[in-house]
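# one predicted model, sequence on top.
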Amino acid sequence: MPLPAALDAIRSICILIFLLSLTALTLAQTKPRARDLGVPFDGTPGAFNAITDVNGVEVGHTTLISGSGKLKVGDGPVRTGVTAVLPRGKDSHDPVFGGWFTLNGNGEMTGTTWLEDSGFLDGPVMITNTHSVGVVRDAAIAWRVKHGPPDEEGYWWSLPVVAETWDGELNDVNGFHVKPEHAWHALDTAHGGAVEEGNVGGGTGMICNEFKGGIGTASRVLDAKFGGYTVGVLVQCNYGWRNQLRIAGIPVGREISEHTFRSDDVGSIIVVVATDAPLIPTQLKRVARRVSLGLGRDGSYSGDGSGDIFIAFSTANAGAASSKGVRDLKMLPNDQLNPIFLATVQATEEAVVNAMIAAETMKGINDFEVVSLPHDRLREVLKKYGRLTK
């Protein structure tokens, strides 16, 4: 292809991706969420009820949907993507304190060895499908090299955190359709405010409790007497057995049993927890563990084949990673962490439900179809058990 024609093609693709991003953002602002349908949750959410309620956090997606019908490896159908979570936004090169936890290890999250040893999360958290971890990892390094200077000692190096869940029931996962430019787009278009949920980004082809799953988010703001801190959660949910699904304490999965196709808990979930509370790495690891309790409220028991991997970070203590001089840090005493723990449990529970509420019925490879959680049926079930709030 001649160079001018190639440039025109690239320009057209960029414009298309930009327009799709605007469409997704508009949908994020207009789709009903769990609370809009009358699902009751404890705790006080932030302004957007999203991980972006933690000041500075940005989220971006690239969503790839094309083709239909019979699977032809390499040609689709394609139902996948990439999600990026940037702790301090695109323009910051300041690492954050972080910690991680694996409830069940049949999954992948790169970069955790150094995170565990150093206590720092340096760069974004990226989430994609199982067989695209490598390309997204390499793309994240290249993006950081282009967008920031070397470290204080003059080194260009990075051990990115990239996590995955499997979308091979709906997506041509072995066609390797996620490319470096898709990871870059998720990073470049990351933003604060309302977060797109459901069939977007890394969550595009995911399944949750035998309903369509994907990306979901929620937040909690602590009472002033507990510091007024914010805790935000983002999930990529691809786990669960309908028989065990509970929403607001109600056995919704047993009440809405149509279109099931599993006999056990299958799949994985990645959870990112953000807070502005001044926590150090050991405390953030404790926070990450509490995600498990939020998932338990939704009916998960973390089946043997599930990759349930969680990461938590704090945007407090800016400049703590500097290699020069002695750093003065702030931290909450351990006996003041209970409100943070509770907020994490509550936001995790709600984020999963928000993902299923936002997701839409999807037909993927070989015309396999996964239905969305029906809003009207959910309201009927909650009303039946006296749990509907509006």
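Arrived safely, thanks for sending. Numbering: from 1, shown residues only.

# for Val59, which non-adjacent residue is closest in space?
With sequence-adjacent residues excluded and distances taken as CB to CB, 6 or more residues apart in numbering, Val59 is closest to Val195, at 4.9 Å. (Each C-beta comes from the backbone N, C-alpha and C, glycine too.)

# wait, Phe313 sits on Arg88?
No: the pair Phe313 / Arg88 is not scored as a contact, 9.6 Å apart, by CB atoms under 8 Å.

# so what sits against both of these two?
Between them, Phe313 and Arg88 share the neighbouring residues Val96, with contact defined by CB atoms under 8 Å, 6 or more residues apart in numbering.

# which regions of the stretch 1-150 of the chain sit below the pLDDT cut-off?
Of all residues in the stretch 1-150 of the chain, those with pLDDT under 70 make up the ranges 1-29.

# how about the helix or strand hosting Gly296: buried residues?
Using DSSP states H and E, Gly296 maps to helix 281-297. Residues 281, 283-292, 294-297 are the ones in helix 281-297 that count as buried (16 or more other CB atoms under 10 Å).

# again with stretch 217-224
Buried residues in stretch 217-224, defined by neighbour count with 16+ other CB under 10 Å: Thr217, Ala218, Ser219, Arg220, Val221, Leu222.

# residues contacting the fourth one?
Arg220 sits next to Gly43, Thr44, Pro45, Gly46, Thr230, Val231, Gly232, Ala343, Thr344, Gln346, Ala347 when contact means CB under 8 Å, 6+ apart.

# which of the residues you listed count as buried?
Buried residues within these, counting neighbours by 16+ other CB under 10 Å: Gly43, Pro45, Gly46, Thr230, Val231, Gly232, Ala343, Thr344, Gln346, Ala347.

# give me the subset of these lying in helices.
With helices taken from DSSP state H, the overlap with the buried ones among the contacts of Arg220 comprises Ala343, Thr344, Gln346, Ala347.

# what's the closest of these to Val381?
Distances from Val381 to those, taken as CB to CB, are shortest for Gln346 (21.0 Å).

# okay, the closest one and Asp42: tell me how far apart.
As for Gln346, its distance to Asp42 is 5 Å (criterion: CB to CB, to the nearest Å).

# now do Phe97
Using CB to CB, which is the criterion applied here, Phe97 is 27 Å from Asp42.

# which of these two has more neighbours?
For Phe97 against Asp42, the residue with the higher neighbour count under other CB atoms under 10 Å is Phe97, and the figures read 27 against 12.

# for the residue nearest to Val59, helix, strand, or coil?
Secondary structure state of Val195, per DSSP: H, G, I helix; E, B strand; the rest coil, is coil.

# how much space separates it from Val57?
10 Å.

# are there residues contacting both of these two? Which ones?
When contacts are counted by CB under 8 Å, 6+ apart, Val195 and Val57 have Ile51 as shared neighbours.

# these two: which has the busier surroundings?
Just comparing Val195 and Val57: by other CB under 10 Å the higher neighbour count belongs to Val195, 35 against 28.

# let me see the ranges of the helices in the chain.
For the chain, the helices defined by DSSP H occupy 3-30, 112-118, 133-147, 180-188, 252-255, 281-297, 338-358, 375-384.

# of all those, which one is nearest Thr165?
Within the helices of the chain, the stretch nearest Thr165 is helix 133-147; the backing value is 10.6 Å (CB to CB).

# remind me what the closest one packs against, helices and strands.
Helices and strands touching helix 133-147, by 3 or more CB pairs under 8 Å, 6 or more residues apart in numbering; DSSP states H and E, are strand 125-129, strand 161-165, helix 180-188.

# quick revisit: between the ones in helices among the buried ones among the contacts of Arg220, which sits nearest Lys390?
Of all these, Gln346 has the smallest distance to Lys390: 19.1 Å, by CB to CB.

# which pLDDT does the model give that closest one?
Confidence per residue is given as pLDDT, and for Gln346 that number is 99.

# per-residue pLDDT of the spatially most central residue of the chain, please?
Taking CA atoms, centre = their mean, the centroid of the chain lies closest to Val235, which sits 3.6 Å from it. Val235 is assigned 99 on the pLDDT scale.

# was I right to think it contacts Val352?
Yes: Val235 is within contact range of Val352, at 5.6 Å (criterion: CB under 8 Å).

# got any residues that touch both of these two?
Common neighbours of Val235 and Val352, counting by CB under 8 Å, 6+ apart, are Gly216, Ile269.

# save the helices and strands packed on helix 133-147 as a markdown table, and put in distance to Ser257 too.
Shown next, in a markdown table, are the helices and strands packed on helix 133-147 (distance: least, CB to CB, whole Å):
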| stretch | distance to Ser257 |
| --- | --- |
| strand 125-129 | 28 |
| strand 161-165 | 24 |
| helix 180-188 | 36 |
